[in-house]
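Asks: What would the 3D arrangement of this be:
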Amino acid sequence: LIKVKDTNKVFGGYSSIGFCSLGNNFITDGSNRRFYNSSDNFIFSFENSEDTQYMKISRVVNKSQAILVSDYNGFNFGWGSLSMDDVRLHANNNSNNYENNLKTETVYTIEEIESFNISYQ
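Replies: Residues are numbered from 1 along each chain as shown. You can find the predicted model right below:
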């Protein structure tokens, strides 16, 4: 979950493959970028923490580029669909790897991040 400054918006995402132990099952574009495949990922936004009516959810459409790992991002869903760059949050979806309903040209400043891990026994 990502709370951004100067607004009540909350963003977030779910990755069925995680971020910490992705392994060697990736494709590369010839640079230092590694793309990971997942069919279950999604990203979302709320207008505020009480919002359930105007929530937006965007599911991965290009499964082979569900997650991008590079030296320049804290996290990156779909090559910019929802990504962290230092303290900046981008949700512009220029790569069209996720559904297009979160698209915004606004670059937000991250105020707070909460991360959760789901494990199966």
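Asks: Asn48 - how many residues pack around it?
Replies: 10 (other Cβ atoms under 10 Å). (Each C-beta comes from the backbone N, C-alpha and C, glycine too.)
Asks: Quick check: it touching Asn8?
Replies: Yes: using Cβ atoms under 8 Å, Asn48 is in contact with Asn8, at 3.6 Å.
Asks: Mutual contacts of these two, please.
Replies: Residues touching both Asn48 and Asn8 by Cβ atoms under 8 Å, 6 or more residues apart in numbering: none at all.
Asks: Just list the residues touching Glu105, thanks.
Replies: Asn92.
Asks: From the opening residue of stretch 60-71 to its closing one, how far?
Replies: Taking Cα to Cα, to the nearest Å, stretch 60-71 runs 22 Å from one end to the other.
Asks: longest strand of the protein?
Replies: For the chain, the strand that runs over the most residues, judged by DSSP state E, is strand 107-113.
Asks: what comes up buried for that strand?
Replies: Burial within strand 107-113, assessed by neighbour count using 16 or more other Cβ atoms under 10 Å, is assigned to Tyr108, Ile110.
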